[in-house]
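Undergrad: generate coordinates for the sequence data below:
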Amino acid sequence: MQKTFRSPGAIMRPAHDHMLPGVAANGPGWKPHLLLREQLPVNGDRSRPVLYIHGATFPSATSILFKFEGLSWADSLNAAGFNVFGLDFAGYGGSERYPAMTGNQENVGEPLGRCAATVEQVERAVLFIIKETGCTRISIIAHSWGTTVAGRFASQHPAIVDRLVLFGPIGLRHHPRSARSLTPWTYITVDQQYARFVKDAPRDAPVLVETDFPRWAEAYLASDPTSRSRTPASVQTPNGPAADIGEAWCGSFPYDPSLIEAPTLIVRGAWDSTSATADMAWLKAALTASPKVEDIIIPRATHLMHLEDGRHALYAVTNAFLTEGSAAGGRVSA
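TA: Below is the predicted model:
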């Protein structure tokens, strides 16, 4: 499917929605159909691919592709010459729902969408990008829980990852384990998202882009076709990411950072309680095979910086870091 996105100044950026085929749920070895969105620079150049991996609760359309005040993160990356891909994990956005999330299934069992399983979805997306673009290496930007999947992929496939941006990443903690168990999935309302978005910012220093939040909320509810069948409207979301974060904060981390060989940027907000300073110090020290590790803190920003006033600084540091190594991606010879 091909379409265009309109950005400021009436610039039309060519875009494609690619559906990666899966394996039917009624057969053995189920694999979800996955939506991989692509937004190209104006000149259509596909030689500098960047894959965005979203976090625990909302997909690519409401993160890297959502326009705040007329400009998205993807637009900024395009302007710097990068070809942007945004993957929706199974259970999110335009990708297929887990069979247990459909119909009137009872919400009983293990959390769905754990890092160890979803890394295969990133592998599928990367193989598609390599085949489509002819590039041999790609850069990856990941947010929050998505950094655990990106880190696991980069540790398993070091030759493929050119540069790695970990935005608001999850680190290691050693909290006592909770007796509370998680169900396969949960429902999240707009009010719950809003409360999460503003919780870390001081009350006298709001940073969320409030003028565009109603549009964001509509897009968020639209990401789940069943959202308005419930009162209040809510988005059904896999609980695997929450389980992964809980495990990481109880001493069991889902990947080995020492196996990552790509230059790595850690970028976080000064008011980000999820990516705590001690966690990031551990992560930076653990990236022993990376030839370069930067840890940049953006002032007046939280864990959801890409929805806030500080997003422009996030765009700038990300573009600068990726541009340093953009010539290293390489292409397959004809």
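
Undergrad: please report phi then psi for F85.
TA: Backbone torsions for F85, taken as degrees, to the nearest 10, come to phi -120, psi 140.

Undergrad: now the nearest residue to it once chain neighbours are set aside: which helix or strand?
TA: Spatial nearest neighbour of F85, chain neighbours left out: L51 (4.7 Å); criterion: CB to CB, 6 or more residues apart in numbering. C-beta here means a position set from N, CA and C on the backbone, and glycine is covered the same way. Assessed by DSSP states H and E, L51 sits inside strand 49-53.

Undergrad: that strand packs against which elements?
TA: For strand 49-53, the packing partners by 3 or more CB pairs under 8 Å, 6 or more residues apart in numbering; DSSP states H and E come out as helix 73-79, strand 83-87, helix 115-133, strand 138-143, helix 146-156.

Undergrad: a markdown table for those, including distance to P99 and mean neighbour count?
TA: Compiled in a markdown table, the helices and strands packed on strand 49-53 are given as follows (distance: least, CB to CB, whole Å; neighbours: other CB atoms under 10 Å):
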| stretch | distance to P99 | mean neighbour count |
| --- | --- | --- |
| helix 73-79 | 31 | 23 |
| strand 83-87 | 20 | 28 |
| helix 115-133 | 14 | 19 |
| strand 138-143 | 26 | 26 |
| helix 146-156 | 21 | 26 |
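
Undergrad: got JSON lines for those, with mean pLDDT too?
TA: Listed next are these as JSON lines, based on pLDDT from 0 to 100:
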{"stretch": "helix 73-79", "mean pLDDT": "98"}
{"stretch": "strand 83-87", "mean pLDDT": "98"}
{"stretch": "helix 115-133", "mean pLDDT": "97"}
{"stretch": "strand 138-143", "mean pLDDT": "98"}
{"stretch": "helix 146-156", "mean pLDDT": "98"}
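
Undergrad: which one of the ones you listed lies nearest to N26?
TA: Taking CB to CB, helix 115-133 is the member of the helices and strands packed on strand 49-53 nearest to N26, at 19.3 Å.

Undergrad: of all the helices and strands packed on strand 49-53, which one is nearest R228?
TA: With CB to CB, the closest approach to R228 among those belongs to strand 83-87: 24.0 Å.

Undergrad: what's in contact with that closest one?
TA: With contact meaning CB atoms under 8 Å, 6 or more residues apart in numbering, strand 83-87 is reached by 34-41, 45-54, 59-61, 63-65, 74, 77-78, 121-122, 125, 129, 133.

Undergrad: show the pLDDT at the residue nearest to F85.
TA: Note on L51: pLDDT of 98.

Undergrad: begin at 47 from now on, thanks
TA: Done: numbering now begins at 47, and the last item shifts to L97.

Undergrad: wait, isn't it in contact with R170?
TA: No: with contact defined as CB atoms under 8 Å, L97 does not count as touching R170 (11.3 Å).

Undergrad: re the thing from before, what's near enough to touch the residue nearest to F131?
TA: Neighbouring residues of L97 by CB under 8 Å, 6+ apart: 131-133, 168, 171-172, 175, 184-187.

Undergrad: now swap in L111 and tell me
TA: Taking CB under 8 Å, 6+ apart, one finds 51, 83, 85, 118-120, 132 in contact with L111.

Undergrad: can you lay out the contacts of L97 as a markdown table showing distance to S319?
TA: Output for the contacts of L97, formatted as a markdown table (distance: CB to CB, whole Å):
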| residue | distance to S319 |
| --- | --- |
| F131 | 30 |
| G132 | 26 |
| L133 | 26 |
| V168 | 27 |
| A171 | 30 |
| V172 | 31 |
| I175 | 33 |
| I184 | 31 |
| S185 | 27 |
| I186 | 24 |
| I187 | 21 |
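
Undergrad: L81 reaches R143, doesn't it?
TA: No: at 11.8 Å, L81 does not count as touching R143 under the criterion of CB under 8 Å.

Undergrad: compare those two (neighbour count), which wins?
TA: A count of neighbours by other CB atoms under 10 Å puts L81 above the other of L81 and R143, at 24 against 21.

Undergrad: in a strand, that's where the more buried one is, yeah?
TA: Yes: the assignment for L81 (DSSP: H, G, I helix; E, B strand; the rest coil) places it in a strand.

Undergrad: sorry, back to before: parallel or antiparallel, list what pairs with the strand holding L97.
TA: When pairs are called by DSSP bridges, strand 95-99 turns out to pair with strand 129-133 (parallel), strand 184-189 (parallel).

Undergrad: would you mind measuring from A308 to L212?
TA: Here A308 is placed at a distance of 11 Å from L212 (CB to CB, to the nearest Å).

Undergrad: okay, the two: which has more neighbours?
TA: L212 (32 against 26).

Undergrad: now the helix or strand that contains that one against strand 95-99, angle please.
TA: Per DSSP H and E: L212 is located in strand 207-213. When axes from the mean of the first three to the mean of the last three CA atoms, to 10 degrees is applied, the directions of strand 207-213 and strand 95-99 differ by 40 degrees.

Undergrad: pLDDT of stretch 292-300, averaged?
TA: 97.

Undergrad: now that stretch: buried residues?
TA: Neighbour-count burial for stretch 292-300 flags 292-295, 299-300 (criterion: 16 or more other CB atoms under 10 Å).

Undergrad: quick one: that stretch to chain centroid distance?
TA: Taking CA atoms, centre = their mean, to the nearest Å, the mean C-alpha location of stretch 292-300 is offset from the chain mean by 19 Å.
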